Every structure is written in structure tokens, then in C-alpha cells.
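**Q** return a 3D structure for these sequence lines:
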Amino acid sequence: MKRLSFLILCFGFLICKQEFVSSVPQTQNSAPAEQIGSSLPSFSVDDLQGNKIDSSELKNRVALINFWATWCEPCRKEMPGYQSLLDRYGSKGLTVIGFKADVMTDTEDPMQFTRQLGIHYPIATGTNEIRKKFGGLEGLPTTYIYDRHGILRNKIIGFEYTGTIEKIIQKLL
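**A** Predicted coordinates:
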């Protein structure tokens, strides 16, 4: 009887331990970059104004990474919403970075394009190397949302309403 009680106790401990370990946020994950649960890729680029953007600066921040293009009408529609989210939640830990996809020729000057839309968050060129780090692009716009531990929690291909993105971000902040 003592042996059975001991085995039950040990089994219970293993179950509790496994639940505890699985609830600890993972900071390194070997999942492919585009899959939910994967880690934020490491990158260091200059934005269109010559300022350095480094993924290491995103630690302990919720990061919204958006790939867009000047010729992409859905991109034009959603980018002002991302700026308003940054204005509202930046002080609470949200960071927004835009990567201008260079898969086709721009239809407008990217700096003028972002100025017209009222975008003030950092914009860099999403070169082939950067796109590969994020697992490639299946379409534009593509938005990745990472939690404070650098884990991908949402990936949206195509246009999404600001209200939907805001609900996701609020849960992560």
C-alpha cells in the first residue's frame, strides 16, 4: 500500500511538473519562422531614414511586424491603424516596424507614401534576406505579432481591421 501511494505521489508530481514547464514562456523555439510559436528572427537593418533597427531592442515588448508595399491598396488601408495602435499602446510596450517589400517596383516614393498616411513608426526595406528570416511572404500585407518573449502569437496574411488587431495586442500587453 505504501508503494502504491508513493507511485501515485510521484506520478502526480510528474504531471504537475510537466504542466508547470509547459506554462513557462519559451524564449527559443526551433519551429519554422512563419509558424505560430516560433521565435522572432534576429535582424539588424537601417530604416529608410538611416536609423538602426535591431531585433534585440524588441525584448520585453509586444512587436507588430508588417510587410507592405506602395502598390498594395490593402496595405494603404491598414497602416494608419497600426500607427494609431502605436500611439495608443506604445507607452505600454507595443512596437511597430514596417518592412517595405521590394518584390516589385514601388509606385510611389516610400517616404512620401508613409508621410501621406501619417506613419511615424520605423520603416525598412524588406529585402529577400529579411523576408527569408520571417519564412517568406505568401501575400501582402503580412503582419506578424510577437509577445513580450519574442514568440509569434499571430500571423495575418491580407488586410485585417484595426479593431481585430487591437484585441490581439491588448491580450499580449
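
**Q** I'd say residue 72 and residue 137 touch.
**A** No: counting by C-beta atoms under 8 Å, residue 72 stays clear of residue 137, with 11.2 Å between them. From N, CA and C alone the C-beta is placed, and that goes for glycine too.

**Q** least confident secondary structure element in this structure?
**A** helix 2-23 (a mean of 32; mean pLDDT, DSSP states H and E).

**Q** okay, strands next: where are they in this protein?
**A** Assigned by DSSP state E, the strands in the chain fall at 44-46, 52-54, 62-68, 94-101, 123-126, 142-146, 152-157.

**Q** now the ones you listed as TSV including mean pLDDT and mean neighbour count?
**A** Shown next, in TSV, are those (pLDDT from 0 to 100; neighbours: other C-beta atoms under 10 Å):
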stretch	mean pLDDT	mean neighbour count
strand 44-46	98	13
strand 52-54	98	13
strand 62-68	98	24
strand 94-101	98	23
strand 123-126	97	20
strand 142-146	98	23
strand 152-157	98	18
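
**Q** and the pLDDT for residue 24?
**A** With respect to pLDDT, residue 24 scores 32.

**Q** give me the distance between residue 43 and residue 130.
**A** As judged by C-beta to C-beta, to the nearest Å, residue 43 and residue 130 stand 6 Å apart.

**Q** quick one: contacts for the residue nearest the centre of the chain?
**A** The chain has residue 145 as the residue nearest its centroid, 3.0 Å off, counting by C-alpha atoms, centre = their mean. Each residue near residue 145 by C-beta atoms under 8 Å, 6 or more residues apart in numbering is listed here: 62-65, 152-156, 165, 168-169, 172.

**Q** so which of the residues you listed is the closest to residue 39?
**A** residue 152 (7.5 Å; C-beta to C-beta).

**Q** does that closest one touch residue 143 like I think?
**A** No: using C-beta under 8 Å, residue 152 is not in contact with residue 143, being 10.9 Å away.

**Q** joint contacts of these two?
**A** Contacts common to residue 152 and residue 143, judged by C-beta under 8 Å, 6+ apart, are absent.

**Q** contacting residues for residue 81?
**A** Listed by C-beta under 8 Å, 6+ apart, the contact partners of residue 81 are 161, 162, 165.

**Q** ok, for the last one, nearest residue in space, not its chain neighbours?
**A** The reference is to residue 165. For residue 165, ignoring the flanking residues on the chain, the nearest one in space by C-beta to C-beta, 6 or more residues apart in numbering is residue 85 at 6.5 Å.

**Q** all good on my end, thank you.
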